[in-house]
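*Asks:* build me a model from this:
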Amino acid sequence: MEATPEPVWKHQRERSLPWLVKLIVWFARHSGRRIARLLLWPIAAYFQLSGPLVRRESRRYLQRVLPHPPHWTDTFKQIFFFASCVLDRVFLLTGRDQEFDIRVSGGGGSLQYAGAGQAAILLTAHLGSFDVLRVVFKGRRKLRLRVVMDRLQGQMITEVMARLNPDFDREIIDASGGPQLVLRLHEALASGCVVGMMADRVVGDDPGIAVNFLGGRARLPSGPWKLAAALGLPVVMCFGIYEGGRRYTLHFETLLPAQTVPRAERAAHAQTAAQRYAERLEFYARAAPYNWFNFFDFWPDEPARD
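*Replies:* Predicted structure coming up:
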């Protein structure tokens with residue numbers, strides 16, 4: 001059997017400097033969000049000017065979602081939105097959610113399951129901000145969220161964020177934990193937690209599932225669908241779309257009801273479910289194109305459109 005190739009995004013190194021990240025976090029906490037946002041302009045300009053790979057992949061993605069050929073201003077706006085969401089993590093993780101106007105669309109989705117003490121799988125993507133979801137869960141004892149995250153990816157920023165919020169580590173299920181990952185997933189779900197996962201990047205030895213997405217063929221992870229089918233769990237989708245300024249909207253949709261799928265049918269079930277997720281992800285990517293934060297070749301099997 002051939003080894004599963006490492007995903008393209010795994011080979012991208014962090015471009016920030018530790019001292020610079022710490023300085024920006026310190027400045028943001030002491031100056032406030034309004035003043036700190038002034039830093040976003042030079043930061044976004046730096047990453048656009050010094051990142052040919054970022055520019056190229058941004059342009060390739062934007063060609064698929066915009067009604068016009070992407071201009072450099074479109075790439076800049078996408079990078080600026082990304083930088084905005086990263087900066088806002090500082091305030092969201094330190095309990096300063098009064099800085100934001102956060103709205104919920106779709107009835108809360110996973111909140112309904114969690115409120116009843118029922119475990120659920122919450123799927124999202126690198127589209128907008130996942131951190132705004134913590135605001136909804138915060139202060140509600142019956143709502144327990146655990147987030148699957150590869151701590152080795154984006155390690156620099158992750159370590160800084162963990163120091164900002166003492167609950168950060170307790171909420172994380174480390175995806176780089178090898179065999180311990182499956183055990184911790186089962187423990188969290190057995191205790192009635194909602195487990196959040198990014199469902200747009202293939203990790204580890206997961207072969208992934210090929211789906212139609214934004215006019216091409218992309219590969220999404222199969223793990224979430226296999227887990228839901230084996231345990232009979234409902235699957236909810238949520239995207240925290242950044243709308244500019246201080247406004248975010250959390251969009252919830254229930255993708256799959258609780259159902260145990262026979263082993264012989266799980267592969268076909270996973271393919272159907274992954275394609276349905278891809279279609280909803282495409283809907284939100286087209287509706288909020290500058291919220292897409294996958295700055296790598298998402299369609300590696302296709303020839304470049306440049």
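
*Asks:* low-confidence ranges, the stretch 101-250 of the chain, go.
*Replies:* The model of the stretch 101-250 of the chain has pLDDT under 70 over residues 107-117, 139-143, 151-155, 177-178.

*Asks:* rerun at 90
*Replies:* Along the stretch 101-250 of the chain, segments meeting pLDDT under 90 span 104-120, 130-131, 133-187, 189-194, 202-207.

*Asks:* show me where it has its strands.
*Replies:* Secondary structure of the stretch 101-250 of the chain (DSSP state E, counting those that start in this stretch): strands located at 101-105, 120-124, 145-149, 172-174, 194-198, 209-213, 216-220, 235-242, 247-256.

*Asks:* which one of these lies nearest to residue 59?
*Replies:* Closest to residue 59 of these is strand 216-220 (Cβ to Cβ; 14.8 Å). For every residue, glycine as well, the C-beta is placed using N, CA and C.

*Asks:* in the closest one, what counts as buried?
*Replies:* By neighbour count on 16 or more other Cβ atoms under 10 Å, the buried set for strand 216-220 is 218, 219, 220.

*Asks:* tell me if I am right that residue 260 is in a strand.
*Replies:* No - Residue 260 is assigned coil when assessed by DSSP: H, G, I helix; E, B strand; the rest coil, not a strand.

*Asks:* please name the nearest non-neighbouring residue to it.
*Replies:* Once flanking residues are discounted, residue 260 sits nearest to residue 232: 3.7 Å by Cβ to Cβ, 6 or more residues apart in numbering.

*Asks:* so residue 136 makes contact with residue 248?
*Replies:* No - in this structure, residue 136 is not within contact of residue 248 by Cβ atoms under 8 Å, at 10.7 Å.

*Asks:* ok, those two, which is more surrounded?
*Replies:* A count of neighbours by other Cβ atoms under 10 Å puts residue 248 above the other of residue 136 and residue 248, at 25 against 21.

*Asks:* joint contacts of residue 136 and residue 248?
*Replies:* Shared contacts of residue 136 and residue 248 (Cβ atoms under 8 Å, 6 or more residues apart in numbering): residue 102.

*Asks:* residue 134 against residue 94, yeah?
*Replies:* No - Residue 134 is beyond contact range of residue 94, at 11.2 Å (criterion: Cβ under 8 Å).

*Asks:* counting neighbours, go ahead and name the busier of the two.
*Replies:* residue 134 (22 against 14).

*Asks:* tell me the spacing between the residue nearest to that one when sequence neighbours are not counted and residue 128.
*Replies:* The shortest distance from residue 134 to any non-neighbouring residue, by Cβ to Cβ, 6+ apart, is to residue 92 (6.4 Å). Distance of residue 92 to residue 128, given as Cβ to Cβ, to the nearest Å: 12 Å.

*Asks:* shared neighbours, the two?
*Replies:* What both residue 92 and residue 128 touch, as defined by Cβ under 8 Å, 6+ apart, is an empty set.

*Asks:* which one of the strands of the stretch 101-250 of the chain lies nearest to residue 21?
*Replies:* Among the strands of the stretch 101-250 of the chain, the nearest to residue 21 by Cβ to Cβ is strand 145-149 (17.4 Å).

*Asks:* average pLDDT across stretch 251-258?
*Replies:* Taken as a whole, stretch 251-258 has a mean pLDDT of 91.

*Asks:* contacts for it next, please.
*Replies:* Contact with stretch 251-258 is made by 104-111, 118, 123, 228, 232-241, 273, 276-277, 280, 284, as judged by Cβ under 8 Å, 6+ apart.

*Asks:* so residue 217 touches residue 208, yeah?
*Replies:* No - if you go by Cβ under 8 Å, residue 217 and residue 208 don't touch, sitting 11.1 Å apart.

*Asks:* which neighbours do the two share?
*Replies:* The overlap between the contact sets of residue 217 and residue 208 (Cβ under 8 Å, 6+ apart) is empty.

*Asks:* columns distance to residue 66 on top of the strands of the stretch 101-250 of the chain, output as TSV?
*Replies:* Formatted as TSV, the strands of the stretch 101-250 of the chain follow (distance: least, Cβ to Cβ, whole Å):
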stretch	distance to residue 66
strand 101-105	23
strand 120-124	23
strand 145-149	30
strand 172-174	35
strand 194-198	24
strand 209-213	16
strand 216-220	15
strand 235-242	17
strand 247-256	20
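
*Asks:* which one of the ones you listed lies closest to residue 41?
*Replies:* strand 235-242 (16.4 Å).

*Asks:* wait, what's in contact with residue 210?
*Replies:* Counted by Cβ under 8 Å, 6+ apart, residue 210 has contacts 217, 218, 219.

*Asks:* go again using 10 Å as the cut-off
*Replies:* Applying Cβ atoms under 10 Å, 6 or more residues apart in numbering, we find residue 210 in contact with 217, 218, 219, 220, 271, 274, 275, 278, 301.
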